[in-house]
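Asker: mind folding the following:
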Amino acid sequence: MKHFSKEKEFLHVIEQHQRLIYKISWGYCDHAEDRKDLRQEIILQIWRSFDKYDKKYKLSTWIYRIALNVSISHLRKSKVRSNQVSIQGSDFVETDNHEKSEEISQLYQFINQFDRMNKALVLLYLDGVSYAEIATIMGITQTNVATKLGRIKKRLKEQFANHK
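Answerer: Take a look at the predicted model:
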């Protein structure tokens with residue numbers, strides 16, 4: 001009976017965090033089949049690590065960390081198949097304003113040019129994750145998160161200014 005309870009709890013956790021898993025897969029894969037494969041890999045790794053979850057961390061932090069690690073590994077493997085990974089901005093933000101939509105699309109094109117560490121930082125930041133939680137997920141200090149995000153924001157502002 002204990003095993004059934006674990007499965008039920010796991011399914012509940014996946015259901016509660018499916019949006020997070022979808023966002024990460026959209027951020028690291030361009031094609032629908034690749035996103036589906038990545039989501040399956042993330043869920044499989046969460047299952048394999050489920051008994052090792054340390055409750056001193058928020059569950060979402062733990063899942064982000066697994067999802068990002070799996071995504072980075074997946075990205076390395078897929079680099080053999082393709083040299084470009086894009087972010088589909090329109091799937092993250094719904095808007096009726098055409099100009100805003102174009103700006104958002106441009107933002108994600110700029111983000112696509114970042115290395116995987118900076119891309120992960122930006123995705124977490126755009127998802128509203130706190131600096132402290134980003135630091136835990138990424139395994140860096142909170143000060144380092146603030147510094148890196150400051151540089152990223154400056155770079156993005158420059159790219160937007162040069163694009164116009």
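
Asker: going by C-alpha atoms from here, please, whenever you check contacts or count neighbours.
Answerer: Will do.

Asker: residues in contact with stretch 145-164: which ones?
Answerer: Counting by Cα atoms under 8 Å, 6 or more residues apart in numbering, the neighbours of stretch 145-164 from elsewhere in the structure are 107, 110, 118, 121-122, 131, 134-135.

Asker: try stretch 42-58
Answerer: Contacts of stretch 42-58 (Cα under 8 Å, 6+ apart): 10, 14, 21, 62-63, 66-67, 70-71.

Asker: redo that, cut-off 7 Å
Answerer: Stretch 42-58 is contacted by residues 66-67, 70 when judged by Cα atoms under 7 Å, 6 or more residues apart in numbering.

Asker: and it, what's buried?
Answerer: Buried residues in stretch 42-58, counted by 16 or more other Cα atoms under 10 Å: 42-43, 45-47, 50.

Asker: could you do stretch 124-144 as well?
Answerer: Using 16+ other Cα under 10 Å as the test for burial, stretch 124-144 gives 124-125, 129, 131, 133-138, 142.

Asker: and the closest residue to Tyr131 other than its chain neighbours, what does it touch?
Answerer: Once flanking residues are discounted, Tyr131 sits nearest to Gln142: 5.8 Å by Cα to Cα, 6 or more residues apart in numbering. If you count contacts by Cα under 7 Å, 6+ apart, Gln142 has them with 131-132, 135.

Asker: hmm, 10 Å instead?
Answerer: Remark: with contacts taken as Cα atoms under 10 Å, 6 or more residues apart in numbering, Gln142 is in contact with 130-136, 148.

Asker: about what we covered before: of the contacts of stretch 42-58 - the most surrounded one?
Answerer: Ala67 (26 neighbours; other Cα atoms under 10 Å).

Asker: Leu20 and Ile63 touch, don't they?
Answerer: Yes. At 8.4 Å, Leu20 counts as touching Ile63 under the criterion of Cα atoms under 10 Å.

Asker: what sits in contact with each of these two?
Answerer: Shared contacts of Leu20 and Ile63 (Cα under 10 Å, 6+ apart): Ile14.

Asker: more neighbours: which of these two?
Answerer: A direct count of neighbours by other Cα under 10 Å for Leu20 and Ile63 places Ile63 higher, at 24 against 17.
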